[in-house]
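Participant: how would this look folded up:
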Amino acid sequence: MRKILLLLWRIWFYTLGALPVIILFPLLAFFLFLSNGYRYLYWVARNIWSPFIIFGMGFWIKRVNKFPKENKSIMLIANHSSYIDIMLMFRMSKKPFVFVGKKELTKIPFFGYLYKRAAITVDRSSFESRKEVYKNAIPFINKGYSICVFPEREYLDETILLNQFKRGAFKIAIEHKLPILPIVFLDCKRKFPWYTTHGFPGQLRAKALDIIDTNAMNEKNINQLTDIMHKNISKELMHDPKQNAVKAILVWKKITS
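Facilitator: I've put the predicted structure just below:
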């Protein structure tokens with residue numbers, strides 16, 4: 001019975017995600033034809049689509065500390081352990097940001113059309129595509145938008161607390177002198193993991209770490225910055241009083257043993 005309920009819960013997630021996109025598709029597509037229409041699209045994603053899914057799934061958000069005001073374009077990064085991370089990230093920032101995400105999502109009906117035109121897409125198997133990301137970020141930054149990247153590589157491995165980071169987000173931040181705001185999602189790995197056999201509704205906590213100023217950095221600092229950011233987020237997950245990310249790993253290891 002529990003497995004059936006979990007399966008229905010997951011199907012409900014996709015239903016909640018699809019309904020607003022389908023119903024509002026003509027309006028959302030129209031926004032993309034406006035010169036600065038992404039701001040309106042972002043408002044819908046943040047204030048309608050994301051809370052519709054989060055609350056509809058039985059989750060609620062708690063910021064465990066004060067988030068800094070975003071007065072300029074920044075680079076947002078976070079650990080990525082769940083589909084719900086995307087909706088949660090939208091709720092973290094009133095200032096519009098643009099995701100850097102995988103190109104495969106453009107194949108999803110309706111959503112893919114919007115995603116292709118509202119995000120910086122990348123084919124991770126192509127060096128040329130990865131290289132284009134740095135150039136494609138410029139128009140968005142010039143319009144005053146922030147950039148958001150989930151920097152983990154191979155993040156689907158449930159046995160790892162925090163996978164190693166790719167350099168791309170930090171290279172963009174340094175090249176464009178964007179301050180970096182690291183955010184830690186403390187509960188998603190346990191409450192809505194990639195594998196569908198586990199998970200449960202409840203509170204989703206988010207914690208903002210100190211903003212990193214990149215003005216004095218250059219290409220030589222990329223590797224060091226990547227390592228520091230990984231270490232800082234990993235430390236927060238390890239020392240979380242509730243230990244939900246750590247518990248998620250133990251649950252998964254128990255399944256596979």
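Participant: so what's Gln203 up against?
Facilitator: Contacts here follow CB atoms under 8 Å, 6 or more residues apart in numbering; on that basis Gln203 touches Phe59, Trp60, Ile61, Lys62, Asp187. For the C-beta atoms, the positions are set from N, CA and C on the backbone; glycine is no exception.
Participant: switch the cut-off to 6 Å
Facilitator: Contact partners of Gln203, counting by CB atoms under 6 Å, 6 or more residues apart in numbering, are Trp60, Lys62.
Participant: is the most centrally placed residue in the chain in a helix, a strand, or coil?
Facilitator: Among the residues of the chain, Ile86 comes closest to the average C-alpha position under CA atoms, centre = their mean, at 4.3 Å. Look at Ile86: counting by DSSP: H, G, I helix; E, B strand; the rest coil, its state is helix.
Participant: quickly list what the closest residue in space to it that isn't next to it in sequence is bridged to.
Facilitator: Leaving aside its chain neighbours, Ile86 sits nearest to Phe99 (7.5 Å; criterion: CB to CB, 6 or more residues apart in numbering). Taking DSSP bridges as the rule, Phe99 bridges to Cys148.
Participant: so how far is Lys66 from Phe99?
Facilitator: Plainly put, Phe99 is 24 Å away from Lys66 if you go by CB to CB, to the nearest Å.
Participant: more crowded one of the two?
Facilitator: Phe99 (20 against 7; other CB atoms under 10 Å).
Participant: doesn't Ala119 make contact with that one?
Facilitator: Yes: taking CB atoms under 6 Å as the definition, Phe99 is a contact partner of Ala119 at 4.6 Å.
Participant: show residues contacting the helix or strand of the chain with the lowest mean pLDDT.
Facilitator: Of all helical and strand segments in the chain, the minimum by mean pLDDT, DSSP states H and E falls on helix 127-142, at a mean of 81. The set of residues external to helix 127-142 that reach it, using CB under 6 Å, 6+ apart, is Ser73, Val98, Val100, Ile120, Val122, Asp123, Ile147, Ile172, His176.
Participant: quick one: residues contacting the residue nearest to Arg46 when sequence neighbours are not counted.
Facilitator: Sequence neighbours aside, Phe90 is the residue nearest to Arg46 in space, at 4.5 Å (criterion: CB to CB, 6+ apart). Listed by CB under 6 Å, 6+ apart, the contact set of Phe90 reads Ala45, Arg46, Ser50.
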